[in-house]
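Peer 1: I'd like to go over a predicted model; first the sequence, then the structure.
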Amino acid sequence: MVLCKANCGNKAILKRPKTGDALCKECFFTAFECEIHETITKGQLFKSGDKVAIGASGGKDSTVLAYVLKLLNERYKYNLKIVLLSIDEGITGYRDDSLETVKKNRDDYGMELKILSYEELYGWTMDKVVSVIGKTNNCTFCGVFRRQALDRGAKMLEVDCVATGHNADDIAETVLMNILRGDMVRLRRCTKIKTHSNEDAIPRVKPLKYTYEKEIVMYAHFKKLVYFSTECIFAPNAYRGHARMFLKDLEKIRPSVIMDIIHSGEQIQFKENIKKPVLDICQTCGFVSSCQPCKACVLLEGLNRGLPKLGIGKKSKGERMIAQQNLERIHRVKNDF
Ligand code: SF4
């Protein structure tokens, strides 16, 4: 019989993927929760009295985040008001089912839930987007719309910050992807535990930044938490898939690789002359953007005009075209006075 490494005298029933320690269930819970508490306090993610929206998808990460944040809030008296914010992309057979899980979390944890749909914000569901764009660039539309939808939802709920369920594996994958793409701007941002798009914007925080995906699954399993585990039916995301497979292969020969990559990403020094995006307010929709018009408006205009590929790719022809037309429009309005 292997005894729990924490010297509690109980039999060990699991091996922690992060440390390799043999632990009993209770000592694993304690270690898991204490590490997240430490991440929150060291990173100064919240202030007493904050209203925090959890970006809730019904998946394992956001479900565990909601459960643990509620628990730590009560245990350590953070004095937070926690609410759930879900984005309904309009993906039949995926998001409609996962939202049922979020509703169960709402009832189980007694938290307010706000669901915002792409349909109400943009007049398009992802089902409709995929019917015109196919399954190649669908995640570009979905990702751009989701980022903005979360900002819009956070504003409606008047929260102080949005907590997302990004875990250590997600962040290590993103570091790798940004290195492989040579995307220094995103590389600089992706390891930050707290991000603001600008001074006035509502910050995003990642309390699970140092939490391994395998441990999140273990925790949810032993706590019998209800979560939705099916993959999105439109999930090609080939590039992230390759980074994930690569990481899994590396992990077999070097178990600490996830933390190593995150630490490497955190330590990278960037030249001061690297071009940083200048954040502004989109003149079309009024939300934060680094370009005029913002990517969400360009993609939406492309869809509405029947030219869905208009905003795909870096500084596309579509973006330049719409920006030019907007300038002309502004010019005309000015000349009318
Ligand atoms: Fe959206 Fe792509 Fe994620 Fe599906 S896999 S939810 S389409 S970003």
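Peer 2: Sure thing, it's come through.
Peer 1: how close does Ala56 get to Glu89?
Peer 2: Relative to Glu89, Ala56 is positioned 13 Å away (criterion: C-beta to C-beta, to the nearest Å). For glycine as for every other residue, the C-beta is placed from the backbone atoms N, C-alpha and C.
Peer 1: over to Gly311?
Peer 2: According to C-beta to C-beta, Gly311 and Glu89 sit 17 Å apart.
Peer 1: ok, now Asp96?
Peer 2: Per C-beta to C-beta, Asp96 is found 10 Å from Glu89.
Peer 1: who's more crowded, those two?
Peer 2: Glu89 (23 against 11; other C-beta atoms under 10 Å).
Peer 1: so the protein: which segments form each domain?
Peer 2: The record's domain split for the chain, according to automatic domain parsing, is 40-267, 280-336.
Peer 1: separation between the closest residue to the ligand within the stretch 51-200 of the chain and Thr211?
Peer 2: With C-beta to the nearest ligand atom, the shortest gap between the stretch 51-200 of the chain and the ligand falls at Cys142, namely 3.0 Å. As for Cys142, its distance to Thr211 is 25 Å (criterion: C-beta to C-beta).
Peer 1: just Leu69 next, same as before
Peer 2: The value you get for Leu69 to Thr211, if C-beta to C-beta is used, is 12 Å.
Peer 1: just to revisit the earlier point, buried deepest among the domains of the chain, which one?
Peer 2: Each of those was scored by mean neighbour count; the highest is domain 40-267, a mean of 18, by mean count of other C-beta atoms under 10 Å.
Peer 1: quick check: end-to-end length of stretch 123-138?
Peer 2: Across stretch 123-138, the terminal residues are separated by 16 Å (C-alpha to C-alpha, to the nearest Å).
Peer 1: top strand in this protein by residue count?
Peer 2: Among the segments of the chain that qualify as a strand by DSSP state E, the longest is strand 81-88.
Peer 1: what sits against Met126?
Peer 2: Neighbouring residues of Met126 by C-beta atoms under 8 Å, 6 or more residues apart in numbering: 89-91, 95, 118, 138, 141-142, 234.
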